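Trainee: no sequence on this one, just coordinates:
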């Protein structure tokens, strides 16, 4: 009895591993080139809905920014 349950579990796990695949539902990462006068606040406000502070945090984390200083010409990755 235990052997049958173990066999069925292993087969189900193998079948799930074969069928499972990565989700691409979040969409591709966007690139943004900083222009003169841009701030993280203005970029987050124009690309994300809701409170811009959430967008700023996403941008800082994705680009490994130690502080919120950006310069014209800098390329940022905008996570979805």
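Mentor: Structure received. Worth saying up front: this structure is predicted, and the values here are computed from it rather than measured.

Trainee: Every contact and neighbour count from this point should use C-alpha atoms.
Mentor: Will do.

Trainee: where exactly do the strands run in the chain?
Mentor: With DSSP state E applied, the chain shows strands at 30-33, 75-78, listed in chain order.

Trainee: From the chain's centroid, how far away is the last one?
Mentor: Read that as strand 75-78. When C-alpha coordinates are averaged (C-alpha atoms, centre = their mean, to the nearest Å), strand 75-78 and its chain have centres 12 Å apart.

Trainee: Low-confidence stretches in the chain?
Mentor: 19, 21-27 (pLDDT under 70).

Trainee: Could you measure from residue 79 over to residue 59?
Mentor: 7 Å (C-alpha to C-alpha, to the nearest Å).

Trainee: more neighbours, these two?
Mentor: Each of residue 79 and residue 59 has its neighbours counted (other C-alpha atoms under 10 Å); residue 59 has more, 21 against 18.

Trainee: Hmm, that one is touching residue 70, no?
Mentor: No. Look at residue 59 against residue 70 with C-alpha atoms under 8 Å: they stay out of range, at 11.2 Å.

Trainee: so what's in contact with those two at the same time?
Mentor: Contact criterion C-alpha atoms under 8 Å, 6 or more residues apart in numbering; residues shared by residue 59 and residue 70: residue 40.

Trainee: returning to that earlier point: dump the strands of the chain into JSON lines; add mean neighbour count and distance to residue 3 as well.
Mentor: Putting these into JSON lines (neighbours: other C-alpha atoms under 10 Å; distance: least, C-alpha to C-alpha, whole Å) gives the following:
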{"stretch": "strand 30-33", "mean neighbour count": "12", "distance to residue 3": "50"}
{"stretch": "strand 75-78", "mean neighbour count": "17", "distance to residue 3": "50"}
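
Trainee: quick one, which of those is nearest to residue 52?
Mentor: Closest to residue 52 of these is strand 75-78 (C-alpha to C-alpha; 13.0 Å).

Trainee: Residues in contact with that closest one: which ones?
Mentor: 29-34, 58-59, 62-63.

Trainee: Then stretch 34-50?
Mentor: With C-alpha under 8 Å, 6+ apart, stretch 34-50 has contacts from 51-53, 55-56, 59, 68, 70-76.
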